[in-house]
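>>> no sequence on hand, only this structure:
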């Protein structure tokens, strides 16, 4: 079975060398690019399984590349991991809201890089998960049809919004969601959810879940994620 095809975009040759070496060592097929224009042109004709995208590119920057790809219905499903410099929290938030799947701050460990790539590709293969499928995560069972959450077989009483919030996060363990993404996912049911109220809902949800509430992690400056089982 062929390993995934990965496009790496960065204008620093040493970064490209590092990424290419470590991904190829894991058996991935790697193509490298130094500009946004080149990656877009190649992706139109030969789409990869995943793109590692530096945000700080000359000319067409990584953010614009991400925007263009996610607006194209034929390419929008390609997972994108952003490579970011430290302190670019606003760019990270913007990129995630634009549809990027994850981010890796520079400098990064090759082991972390490979683990993140493996995780995103694994998630992509599971994206057919039904919204009504019962989720089993850690010691928790989430049953959408019954609107039921069990922790160690003990029923946890949640409000409608708390349940939807938990289910939304738990469907994609390891994914980081901004407050805006969470609001966007929960709205539409005539229930007032705002970016500020997301924090309040998270606090209440953690409290009700007890020790299991630690599985909902805060990603400082970005948002929240559900812890991934190792």
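That came in fine, so what should we check first? Just so we're clear, the structure is a prediction, and the values are computed from it rather than from any experiment.
>>> so who does residue 38 touch?
Taking C-beta atoms under 8 Å, 6 or more residues apart in numbering as the contact definition, residue 38 lies against residue 9. For the C-beta atoms, the positions are set from N, CA and C on the backbone; glycine is no exception.
>>> element containing it, please.
helix 36-45 (DSSP states H and E).
>>> identify each buried residue in that helix, please.
Of all the residues in helix 36-45, those buried under the rule 16 or more other C-beta atoms under 10 Å are 36, 38, 39, 40, 43.
>>> give me the pLDDT for the first one.
As summarised for this prediction, residue 36 has a pLDDT of 94.
>>> tell me the secondary structure for the closest residue to it other than its chain neighbours?
Excluding its sequence neighbours, the residue lying closest to residue 36 (C-beta to C-beta, 6 or more residues apart in numbering) is residue 60, at 3.2 Å. Three-state call for residue 60 (DSSP: H, G, I helix; E, B strand; the rest coil): coil.
>>> count the residues that sit near residue 60.
15 (other C-beta atoms under 10 Å).
>>> ok, which stretches of the chain are helices?
13-25, 36-45, 62-71, 89-98, 110-125, 160-170, 179-186, 195-209 (DSSP state H).
>>> the second one vs helix 62-71, what angle?
What that stands for is helix 36-45. Counting by axes from the mean of the first three to the mean of the last three C-alpha atoms, to 10 degrees, helix 36-45 points 20 degrees away from the direction of helix 62-71.
>>> what distance do you get for the residue nearest to residue 36 to residue 54?
To residue 54, residue 60 is 12 Å away according to C-beta to C-beta, to the nearest Å.
>>> ok, now residue 24?
Counting by C-beta to C-beta, the gap from residue 24 to residue 54 is 19 Å.
>>> swap in residue 76?
According to C-beta to C-beta, residue 76 stands 20 Å off from residue 54.
>>> these two: which is more packed in?
Each of residue 76 and residue 54 has its neighbours counted (other C-beta under 10 Å); residue 54 has more, 24 against 11.
>>> point out where the chain drops to low pLDDT.
Along the chain, segments meeting pLDDT under 70 span 1-2, 86-88, 125-132, 187-193.
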